[in-house]
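Enquirer: A structural model of the following input is requested.
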Amino acid sequence: MSKVQKNSIVIKDLFKSYDGKANENVIQEINLEIPRGEFFILLGPSGCGKSTLLNIIAGFISKSGGDFFIQNKEVRGPGKERAMVFQQPDAALFPWLNVRENVEFGLKMQKVSKVERNSISDKYLRLVGLSDHEKKLPEELSGGMKQRVQLARVLANDPEILLMDEPFGALDAQTRRTIQQELIRIWTHTKKTIIFVTHDIQEAILLGQRIGIMSKGPGSFIEAIYDITLPYPRDITAPSFNDIYRKVQSHFEGNGMAENVVNF
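Expert: As a prediction, this is how the structure comes out:
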């Protein structure tokens, strides 16, 4: 294994098979290195194994073979340096706790003092724009606000790596665009490493520094990586943006996957 930057993610020849048969892998030959602080996108058609790979990185499911390292240490399960942001925030929030209590929940479990918990939750409630809603219960929030609460709670626990599994897929278009812009602002502020799963080409180009495109499943692998060097914030109407969009779209069309990705 080559020497890598501290806190980077290194995956070598990773595969996953649910029945133990190598010729029936869900994903295979995954080779990837993500440096610290990068915003990396996993893009591909539905059912290609993006979420499977993300859940292996999270430690929620085990790999069947290959190597997986974070900060040059082999990973065998979940760790506090990683945190997942799910597509459905209702599954992650406690309905009987208000916004602030949800954000502070992990800190409370770690026995962080009330004064320090309040200071940390203040910081992240401001960061996600929810300072005026701290006493509301999840049922009183919109979908976008719930997703902000989930993000604030994850950030409050200060993981090095954010894993995001199509987190904006259930939001309406306007809310989605707003939250995308907020995520870029938060990432720029925190310098966290982000691995973001989507099947939306526009979203991938809008957010990511690099885009890893997965092939059709089963037996999916990362068949191409695109470097996106456009400055932030990105303008989806700019010619340079649309040039990249057409290039990525042509990749899917050339591989018979265009019907399974989102296009605008």
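Enquirer: low-confidence bits of the chain, can you list those?
Expert: 1-7, 20-23, 255-264 (pLDDT under 70).
Enquirer: what about the helices in it?
Expert: Shown for the chain, the helices assigned by DSSP state H span residues 50-58, 99-109, 114-127, 143-156, 173-190, 201-207, 239-254.
Enquirer: quick one: those as CSV, columns for distance to Asp165 and mean neighbour count too.
Expert: In short, each C-beta sits where N, CA and C put it, glycine included. Listed next are those as CSV, based on distance: least, C-beta to C-beta, whole Å; neighbours: other C-beta atoms under 10 Å:
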stretch, distance to Asp165, mean neighbour count
helix 50-58, 6, 22
helix 99-109, 19, 20
helix 114-127, 20, 16
helix 143-156, 12, 23
helix 173-190, 14, 16
helix 201-207, 13, 24
helix 239-254, 20, 15
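Enquirer: closest to Met214 out of those helices?
Expert: Closest to Met214 of these is helix 50-58 (C-beta to C-beta; 5.9 Å).
Enquirer: and the closest one, what does it pack against?
Expert: strand 9-16, strand 27-34, strand 39-43, strand 82-85, strand 161-165, strand 193-198 (3 or more C-beta pairs under 8 Å, 6 or more residues apart in numbering; DSSP states H and E).
Enquirer: would a markdown table of the ones you listed with distance to Ile222 be doable?
Expert: Below are those laid out as a markdown table (distance: least, C-beta to C-beta, whole Å):
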| stretch | distance to Ile222 |
| --- | --- |
| strand 9-16 | 9 |
| strand 27-34 | 6 |
| strand 39-43 | 8 |
| strand 82-85 | 19 |
| strand 161-165 | 16 |
| strand 193-198 | 12 |
